[in-house]
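J.: Have a look at this fold, sequence not included:
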């Protein structure tokens with residue numbers, strides 16, 4: 001398994017939907033669960049994102 005970098009998780013949390021971050025403190029259990037799911041999806045999406053292509057790297061045919 002690949003090592004997780006806490007800064008990637010931090011960035012994902014800080015750029016996630018504001019309602020989801022606030023929703024974790026909601027009095028309603030249903031809203032807290034929806035907010036947690038949204039945050040988890042955002043983190044997974046950011047951690048599984050493909051690395052940006054380097055424009056300085058020449059593509060070589062195989």
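T.: Everything's here; your move. All of these numbers come straight from a predicted model, not from anything done at the bench.

J.: separation between the spatially most central residue of the chain and residue 19?
T.: Nearest to the mean C-alpha position of the chain, by C-alpha atoms, centre = their mean, lies residue 43 at 2.3 Å. Applying C-beta to C-beta, to the nearest Å, the value for residue 43 to residue 19 is 16 Å. From N, CA and C alone the C-beta is placed, and that goes for glycine too.

J.: Low-confidence stretches in this structure?
T.: Residues of the chain meeting the criterion pLDDT under 70: 1-2.

J.: what about the helices in it?
T.: Here the chain has its helices, by DSSP state H, at 6-14, 18-23, 29-47.

J.: Same list, these, but as CSV with distance to residue 61 please.
T.: Listed next are the helices of the chain as CSV, based on distance: least, C-beta to C-beta, whole Å:
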stretch, distance to residue 61
helix 6-14, 33
helix 18-23, 44
helix 29-47, 31
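
J.: Which of the ones you listed sits closest to residue 53?
T.: helix 29-47 (17.5 Å; C-beta to C-beta).

J.: Who are the contact partners of residue 15?
T.: Under the criterion of C-beta atoms under 8 Å, 6 or more residues apart in numbering, the neighbours of residue 15 are 42, 46.

J.: Backbone torsions only: list them for it.
T.: phi -100, psi 10 (degrees, to the nearest 10).
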